[in-house]
Each structure stands twice: as C-alpha cells, then as structure tokens.
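# What follows is a predicted protein model with its sequence.
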Amino acid sequence: MLRKAALRGYNLCSAIARSTSGVTLVEFAVAMPVILSMSLYGIELAYLNTVDMKLSEIALSLADNASRLGQTDNSAVTPTVTRNDIAEIMMGAQEQGDPIDLGTKGRVILSSLERDATTGKQYIHWQRCYGSLARQSAYGNDSTRNGLNGAVITGMGSGATKVTATSTSGAVMFVEVYYSYTGLLGDLFVSNRVLRKEGAFLVRDERNLTPGITGTTGPTYTC
C-alpha cells in the first residue's frame, strides 16, 4: 500500500517536472515589469522632448514675429512698436503654448536689445512678459538692470557668442521662455525641472526705436 502511494507520488512529481504548459505565463509574469518600465520610460522621454521642442518653437516664433512688427506698414512715417502689436504677438505665443498650459506653468520674456547712441553700450530698451511662472530675465530688465543702469550687458544669449545690436538704428528681439515641467508620471522616471529656451532675431525693417512702446490701448504685459 505504501509502495503504491509512493509510486503515485513519484509519478505525479515526474509529470509536473515534465509539464511545460505554464512556462509562457511564468516568463510573461517575470518579464512584464521590465517591459512595462522600459515602455513608460520611453513615453516619458518622448513627452519631455516634445515639450522641449514646443518651447523652442515658441521662442523662435515669437522673436521672429516681433522682428517683423511694422513690416506691412505703408505709412511714410517710420513705424513704432505699439501695445496692440505686442498683444498680437503675445497672443500667438499663448495659442502655441496652450496645449502645455504655458500661461500657468511658463513665463515668456521679450526684450528689445539696442545700442545706446551716447555711450555705445548694449541696453534693454523695453521688456514685456507673459505667463504666471515667477521668473526674471537672465540678462536684466528695462529699468534698474538695463545695461545703462546696473551691470554692463555685453550681449544676450547662453552660447559662446553673445547676440548684440550692431547699430543705434537696429535692435534685436530677444526671447526667453521658461517652463515648469512635470512628467506624465510625476518624477518617477524624469525629475521635474524648469526648462529654458531662447530665440533672437534682428529687426527686419526700419523702426523708430526712440519712443520704445507706444499707444495707450491694449494689454501692457509688464514684467
């Protein structure tokens, strides 16, 4: 009796050892966490790159649009930049940044970098901002740190070569974009951070730089 029970137990163990019916399920259970983690990490990196590219596009587009202000003005009088002009190009940046909630999570800073006729120094004549993120320009402002007041501004730009206004009749439209990035999965794979992008264009046509921003109507977009 005992021999028969032992034989049946041995046969059962042998059958289990030879069985391969559950191997695929076991392998899937072991591999799934690794595959899932790699997939989520890839999605997170793709989203980060998408947002980063979007910010670059906004910076370049805004600088380009600001450099073209007054280009279609057919008046014999050299045009100035008005508050309505600023409102229009800022609205364009707002529309571009709406999918990533730029107005709440970001800060766009547009500066007019010019050359002072008296001293030859680079200075920020005027500066306008959009977005709720608490950030200031890395280069100065249009009052206490404009290059004529405060530290000297040798140029703007984070690269090895700084962007400068080459003449007193020309200006550089310089844009800084800051964005508080939060990952799709929080900081599980990519740490939350503030992304920063820059864009710059020379003013395309003649522009009366002397008065700065003119007009009494439209949003102010003060920084």
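Everything's here; your move.

# Tell me where this structure has strands.
Using DSSP state E, the strands of the chain run over 81-82, 106-115, 122-130, 171-181, 193-202, 213-214.

# and the top helix by length along the chain, what other elements does it pack with?
If you go by DSSP state H, the chain has its longest helix at helix 23-67. If you count contacts as 3 or more C-beta pairs under 8 Å, 6 or more residues apart in numbering; DSSP states H and E, helix 23-67 packs onto helix 83-97, strand 106-115, strand 171-181, strand 193-202. C-beta here means a position set from N, CA and C on the backbone, and glycine is covered the same way.

# tell me how far it is from the chain's mean position?
16 Å (C-alpha atoms, centre = their mean, to the nearest Å).

# What angle do helix 83-97 and that helix make with each other?
Put simply, helix 23-67 runs at 170 degrees to helix 83-97, going by axes from the mean of the first three to the mean of the last three C-alpha atoms, to 10 degrees.

# what angle do helix 23-67 and strand 122-130 make?
Using the same axes, to 10 degrees, helix 23-67 lies at 120 degrees relative to strand 122-130.

# who touches the residue positioned nearest the centre of the chain in this structure?
The centre of the chain sits closest to L55, judged by C-alpha atoms, centre = their mean, with a distance of 3.0 Å. Counting by C-beta atoms under 8 Å, 6 or more residues apart in numbering, L55 touches G106, V177, Y179, L195, K197.

# a markdown table please, covering the strands of the chain and showing distance to T222 and mean pLDDT.
Output for the strands of the chain, formatted as a markdown table (distance: least, C-beta to C-beta, whole Å; pLDDT from 0 to 100):
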| stretch | distance to T222 | mean pLDDT |
| --- | --- | --- |
| strand 81-82 | 15 | 93 |
| strand 106-115 | 11 | 98 |
| strand 122-130 | 7 | 98 |
| strand 171-181 | 16 | 97 |
| strand 193-202 | 21 | 96 |
| strand 213-214 | 10 | 94 |
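
# Just put those strands in a markdown table and tack on mean neighbour count.
Output for the strands of the chain, formatted as a markdown table (neighbours: other C-beta atoms under 10 Å):
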| stretch | mean neighbour count |
| --- | --- |
| strand 81-82 | 22 |
| strand 106-115 | 25 |
| strand 122-130 | 22 |
| strand 171-181 | 24 |
| strand 193-202 | 18 |
| strand 213-214 | 16 |
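
# who wins for proximity to L45 among those?
Proximity to L45 (C-beta to C-beta) singles out strand 171-181 among these, at 12.3 Å.

# Describe which strands the closest one pairs with in its sheet and in which direction.
Partners of strand 171-181 in the sheet, by DSSP bridges, are strand 106-115 (antiparallel), strand 193-202 (antiparallel).

# Can I get that strand as CSV, trimmed to CA atoms?
What follows is strand 171-181, C-alpha atoms only, in CSV (Å, rounded to 0.1, in the frame of the first residue of the first chain):
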residue,chain,number,x,y,z
ALA,A,171,17.5,96.2,-32.5
VAL,A,172,17.5,92.6,-31.5
MET,A,173,14.2,91.0,-30.5
PHE,A,174,15.4,88.5,-27.8
VAL,A,175,13.0,85.9,-26.3
GLU,A,176,13.4,83.8,-23.2
VAL,A,177,10.9,81.0,-22.4
TYR,A,178,10.8,79.3,-19.0
TYR,A,179,8.5,76.4,-18.3
SER,A,180,7.9,74.3,-15.1
TYR,A,181,7.9,70.8,-16.5
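
# Thanks a lot, see you next time.
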